[in-house]
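>>> Prediction below, plus the sequence it came from.
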Amino acid sequence: MMRLSRRTVLQVSAGATLSVIAPARAANIRPLEKRTLVAGIPVDAASFLPVYLAAARTWGEQGLDIQLTAFRGDAEVSQALIGGSVDFSIQSADGLINIINTGAPVVAFYAGFHQSDFAWLALPAIKSWDALRGKTAGVSTFGSATDQLTRYALRHHGLVPEKDVQIVQAGPPASIAQALKAERLALGILAPPVTWMMADAGMSVLGSQSEEIAPQWPKHVFVAKRKFLDDNPNTVRAILAAHVAAIRLARADRALVTATYMERLKFQRPYAERAYDAILPGYDERGSLPDAESMKVFWSLQMERGEVKEPWPASRVLDDRFIRTFADWAP
């Protein structure tokens, strides 16, 4: 796992105001039940920016020692969470539904990643969805958000997944991009800045998530076992205070965001700078779910794929005790 060096963060963010990055008052005066933890994310991606900044700086400022591990999709990080090898995860809401359906005692405890930023890139010769018939589409892993969104988009355009278009597991975004370049895939679902890089390389942009599905999306949520939340409330407050501080730090320091993307994800500078404008507006530091209309589409997708029979009450998915007490612990 690549790490953003603490030295880089301190150097680039030297100009940020202390008020932006000050640790939460409440989180600091309450003793932490657990300081050393492991956090998991499904894959490395631009939308995990606050997590990278927290790992490099703000977790430590809250007295936390957290190891961040990137897996190979929602399925792997979900297994790690259920098995206890990670204390909490930041993963897709789709992945959360899958875990809950297994009977595991997990729940989201924070949201606020509203980016609806995936896009579908196809080989240069493919200019329409119908031209995908008989060809192959790549997603990260089966059951992941990329899988579900791709199946939804195909059906929206009159294509039957696995019949008209074969779906294959292609791994993280870099692997999907390489498979497209090698023409092992005809279609791939990607997020910024890989979408821009592939479009600049001549790939066809068939559609975007914001246009095909919804303008907002529950892209990532913080997930943990219910017992972890009950046993470690002060630790959870510190984790979330660090997350909010990381969002504010990112908004205050464009150079830091650019450096983070370049070092952690190896983005070229023009794409790293472009990512700042594309990604930052999608964060809600108060941890809410997306707007009602977008969530209506989310639940319709879950019903269509047979994961749920009807929309679940919010309490089944999200334990909002920390969201409701934001003013008590936020920086």
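Now that the structure is in, tell me what you want to look at.
>>> didn't residue 158 look like it was pressed against residue 128?
No: applying CB atoms under 8 Å, one finds residue 158 not in contact with residue 128, separated by 11.1 Å. For every residue, glycine as well, the C-beta is placed using N, CA and C.
>>> ok, residue 131 - contacts?
By CB atoms under 8 Å, 6 or more residues apart in numbering, the residues touching residue 131 are 122, 125.
>>> Would you agree it falls within a helix?
Yes: looking at residue 131 with DSSP: H, G, I helix; E, B strand; the rest coil, it is inside a helix.
>>> Look up the residues forming beta bridges with the residue nearest the centre of the chain.
Closest to where the C-alpha atoms of the chain average out (CA atoms, centre = their mean) is residue 220, at 4.0 Å. Beta bridges link residue 220 to residue 113, judged by DSSP bridges.
>>> pLDDT-wise, which helix or strand of the protein ranks last?
Ranked by mean pLDDT, DSSP states H and E, the helix or strand of the chain with the weakest confidence is helix 18-21, at a mean of 40.
>>> Surely the residue nearest to the centre of the chain and residue 47 touch.
Yes: using CB under 8 Å, residue 220 makes contact with residue 47 at a distance of 6.5 Å.
>>> so what's in contact with the two at the same time?
Shared contacts of residue 220 and residue 47, defined by CB under 8 Å, 6+ apart, comprise residue 113.
>>> can you list the weak-confidence ranges in the stretch 1-150 of the chain?
1-29 (pLDDT under 70).
>>> Tell me where it has helices.
Secondary structure of the stretch 1-150 of the chain (DSSP state H, counting those that start in this stretch): helices located at 6-12, 18-21, 25-29, 49-53, 59-61, 74-83, 93-101, 145-156.
>>> Could you pull out the buried residues of the shortest one?
Read it as helix 59-61. Of all the residues in helix 59-61, those buried under the rule 16 or more other CB atoms under 10 Å are 59, 61.
>>> can you check stretch 130-145 too?
Here stretch 130-145 shows 131, 132, 136, 137, 138, 139, 140, 141, 143, 144, 145 as buried, counting by 16+ other CB under 10 Å.
>>> same deal with stretch 206-224?
Of the residues in stretch 206-224, those buried (16+ other CB under 10 Å) are 206-207, 209-210, 212-214, 216-224.
>>> From the residues you listed, pick the one nearest residue 89.
residue 223 (4.8 Å; CB to CB).
>>> so what's that closest one up against?
81, 88, 89, 90, 91, 95, 96, 99, 106, 107, 108, 109.
>>> so the fourth one makes contact with residue 222?
Yes: between residue 90 and residue 222 a contact is recorded at 5.5 Å, counting by CB under 8 Å.
>>> In JSON lines: the helices of the stretch 1-150 of the chain, plus distance to residue 269.
Formatted as JSON lines, the helices of the stretch 1-150 of the chain follow (distance: least, CB to CB, whole Å):
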{"stretch": "helix 6-12", "distance to residue 269": "13"}
{"stretch": "helix 18-21", "distance to residue 269": "24"}
{"stretch": "helix 25-29", "distance to residue 269": "35"}
{"stretch": "helix 49-53", "distance to residue 269": "16"}
{"stretch": "helix 59-61", "distance to residue 269": "27"}
{"stretch": "helix 74-83", "distance to residue 269": "30"}
{"stretch": "helix 93-101", "distance to residue 269": "32"}
{"stretch": "helix 145-156", "distance to residue 269": "27"}
